[in-house]
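# missing the sequence, but the structure's below:
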């Protein structure tokens, strides 16, 4: 009987300690969640900054599949022709083939009229599927020239195409770049009115 008050006080002390421990634990958890949230936001901010800096520096995503073959991915807003021109210049592709698919959101297409010897140009600002992107790589006056044509699918399933010009912006485009042996050189042809490949043989 004499131990009852002592037992009661011990139980009360244990309960009080448990409440205190749980309260402290709750505070620790809340602070952990708070700081974890800050860290996640900080990491997200740094990731965005890194991507922004990468975009500003003009970096491109690619994989080298063999000594003369690369897969290149262009991202949202990349200028397709400018990006390909830069890639072949960096890799020293002086003769090559281009093949790709993907999607774009803005395109400047050209049509060459052999009678007038002039290009007519038209800009389309809409999302379109790249059904086929094909072209070649050559050089002219020490500059690298990717010559690209595209066939494009519209939302209503109609198709248009033409000569791809600077100012055509990707949603996402995947292009295979293949280097050929030797060098392809272009020069202006007065009769045709275009820069054409300078080839040496006839059959």
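Okay, I see it. Quick caveat, the model's predicted, so the values are computed rather than measured.

# and residue 89, what does it touch?
The contact partners of residue 89, taken as Cβ atoms under 8 Å, 6 or more residues apart in numbering, are residue 144. In short, each C-beta sits where N, CA and C put it, glycine included.

# assumed it was part of a helix.
Yes. Residue 89 forms part of a helix when assessed by DSSP: H, G, I helix; E, B strand; the rest coil.

# so which residues of this protein form helices?
Taking DSSP state H as the criterion, the chain carries its helices at 4-56, 80-91.

# ok, now how distant is residue 30 from residue 143?
Separation of residue 30 from residue 143 (Cβ to Cβ, to the nearest Å): 62 Å.

# let me know the average pLDDT across the top strand by length along the chain.
Counting residues, the longest strand found in the chain (DSSP state E) is strand 96-113. For strand 96-113, the mean pLDDT works out to 98.

# quick one: that strand to helix 80-91, angle?
For strand 96-113 against helix 80-91, the angle by axes from the mean of the first three to the mean of the last three Cα atoms, to 10 degrees is 140 degrees.

# please report how far the most centrally placed residue in the chain lies from residue 134.
By Cα atoms, centre = their mean, the chain has its centre lying nearest to residue 75, at 2.0 Å. Separation of residue 75 from residue 134 (Cβ to Cβ) stands at 21 Å.

# where does the protein dip in pLDDT?
Scanning the chain for pLDDT under 70 picks out 1-18, 20-22, 24-26, 28-29, 31-58.

# who's in contact with the spatially closest residue to residue 153 that is not a sequence neighbour?
Distance criterion Cβ to Cβ, 6 or more residues apart in numbering; nearest residue to residue 153, sequence neighbours excluded, is residue 129 at 4.1 Å. If you count contacts by Cβ under 8 Å, 6+ apart, residue 129 has them with 102-103, 152-153.

# top of those by number of neighbours, please.
Highest neighbour count within these: residue 152, with 22 neighbours (other Cβ atoms under 10 Å).

# so it touches residue 164, yeah?
No. Using Cβ atoms under 8 Å, residue 152 is not in contact with residue 164; the gap is 9.7 Å.

# what sits in contact with each of the two?
Joint contacts of residue 152 and residue 164 (Cβ under 8 Å, 6+ apart) are residue 107.

# got a list of contacts for stretch 140-156?
Stretch 140-156 is contacted from outside by 80-81, 84-85, 88-89, 93-94, 98, 104, 107, 109, 124, 126-139, 159-164, 185-187, 195, using Cβ under 8 Å, 6+ apart.

# that older thread, export the contacts of residue 129 to TSV and tack on distance to residue 71?
Output for these, formatted as TSV (distance: Cβ to Cβ, whole Å):
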residue	distance to residue 71
102	12
103	17
152	21
153	22
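
# ok, these vs residue 113, which is closest?
residue 152 (20.4 Å; Cβ to Cβ).
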